[in-house]
Each structure stands twice: as structure tokens, then as C-alpha cells.
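Asker: just coords:
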């Protein structure tokens with residue numbers, strides 16, 4: 001099978017050969033499911049624009065708040081984070097920790113000490129949109145990459161091994177531990 005993903009997402013995907021069997025190149029739109037349906041599916045690959053990814057991101061963020069779980073969110077650029085900065089300043093009061101990853105240059109942030117801002121400049125994380133939290137089985141979430149302006153490809157997974165691996169690789173690239 002042709003590799004559907006490149007860069008960081010491709011590195012994660014290639015570590016789990018069983019995902020190739022689940023990759024359905026015909027049905028890759030991001031459905032309007034509730035979070036339980038995504039988690040139940042265990043794995044779902046997609047191509048999507050920002051709007052469906054934003055919706056899925058909010059479902060994951062809401063889960064983190066409702067269950068007091070840590071959250072990792074990666075943004076491609078500062079403007080993407082600025083769009084949700086106020087919301088994250090509120091979310092942090094309802095969860096133990098947030099890691100924010102993005103290509104932030106030398107921007108200063110005035111956020112809660114429970115929010116770690118990590119700069120991914122000069123890494124293959126600069127085009128990554130991911131949102132990961134901790135569920136009953138372990139970490140779960142979406143992992144995607146921008147492959148053309150405003151269009152992303154990636155997958156949602158509730159398989160904790162896949163998410164742990166993604167977090168491990170992200171942590172190595174950012175020289176930090178992402179303990180979700």
C-alpha cells in the first residue's frame with residue numbers, strides 16, 4: 001500500500017503496520033459522530049478541512065474538562081492558537097495540565113503556570129494538528145498534518161499504544177516529557 005501520510009504522522013503510522021489494513025482510502029471524510037462513536041471505532045483515518053477538525057478537537061477538549069484529564073494540543077502557527085487562547089485560559093481551570101505545541105517564534109505568552117507552551121519551530125511538528133487527552137484505556141485523540149493550505153490528513157485513535165508512541169516521538173522532538 002502507498003504510504004498515506006508523511007512527516008510526523010507518517011512516522012507514527014508506520015510504527016503500527018496493522019493500521020494499513022484499516023486504511024480505507026474510499027471513505028475518508030471526517031464524520032459528524034459524537035466522541036463515544038469515535039472512541040468505539042478505535043481508529044478512523046480522514047482528510048478534512050479546519051471546520052470538522054475544530055469540531056472533533058472541541059469534543060476531545062470537552063472530554064478532558066468533564067473528566068479532569070490533561071490535554072495536549074498542537075497548532076501550526078501562532079494565529080491558530082490565538083483563536084482559542086481565551087478558551088484555553090478557561091479550560092485550564094478545569095483540568096490539571098495543558099501542553100500547547102506550535103511554531104510560535106519568540107512570542108511571549110501570559111498563561112497559567114499549568115500551561116506549557118512548546119515551540120516546534122524547525123521540526124516536522126510545524127504542520128501538525130493534534131489533540132490528545134487521557135481516557136479510561138489511556139491516551140486517545142486525533143493526529144493529523146496539513147498537506148495543503150487548510151487541508152489535513154490523519155487519523156483519530158483510541159488505541160493508547162499509538163497515542164503513547166506519538167507522545168513519545170513528540171516529546172523527543174521537543175526535548176520534554178508529555179505525560180498524558
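Answerer: Nice, thanks for sending it over. Quick caveat, the model's predicted, so the values are computed rather than measured. Residues are numbered from 1 along each chain as shown.
Asker: which helix or which strand is home to residue 117?
Answerer: Assigning secondary structure by DSSP states H and E places residue 117 in strand 115-119.
Asker: which residues does the residue nearest the centre of the chain contact?
Answerer: Centroid-nearest residue in the chain: residue 130, 1.5 Å away (criterion: CA atoms, centre = their mean). Contacts of residue 130 were listed using CB atoms under 8 Å, 6 or more residues apart in numbering, and they are 72, 73, 74, 101, 141, 142, 143, 144, 154, 166, 170. No exception for glycine: its C-beta is placed from N, CA and C like everyone else's.
Asker: which of the residues you listed fall in helices?
Answerer: Among the contacts of residue 130, the residues falling in helices (DSSP state H) are 166, 170.
Asker: now render the contacts of residue 130 as TSV, adding pLDDT and neighbour count.
Answerer: Formatted as TSV, those follow (pLDDT from 0 to 100; neighbours: other CB atoms under 10 Å):
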residue	pLDDT	neighbour count
72	97	28
73	93	24
74	92	26
101	92	26
141	98	29
142	96	24
143	95	24
144	94	27
154	90	27
166	97	25
170	96	25
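Asker: which ones among the contacts of residue 130 lie within strands?
Answerer: Counting by DSSP state E, the part of the contacts of residue 130 found in strands is 72, 73, 74, 101, 141, 142, 143, 144, 154.
Asker: and the contacts of the worst-scoring helix or strand of the chain on mean pLDDT?
Answerer: Least confident helix or strand, the chain: helix 18-22 with a mean of 77, by mean pLDDT, DSSP states H and E. Here helix 18-22 makes contact (CB under 8 Å, 6+ apart) with 1, 13, 43, 45, 155, 162.
Asker: before we move on, the earlier item: looking at the ones in strands among the contacts of residue 130, spot the one nearest residue 84.
Answerer: Residue 84 has its nearest neighbour among the ones in strands among the contacts of residue 130 in residue 73, at 7.9 Å by CB to CB.
Asker: so what's the residue count around residue 97?
Answerer: Using other CB atoms under 10 Å, residue 97 is surrounded by 18 other residues.
Asker: just residue 17 next, same as before
Answerer: Residue 17 has 9 neighbours, counted by other CB under 10 Å.
Asker: give me phi/psi at it?
Answerer: For residue 17, the backbone dihedrals (degrees, to the nearest 10) come out as phi -60, psi -30.
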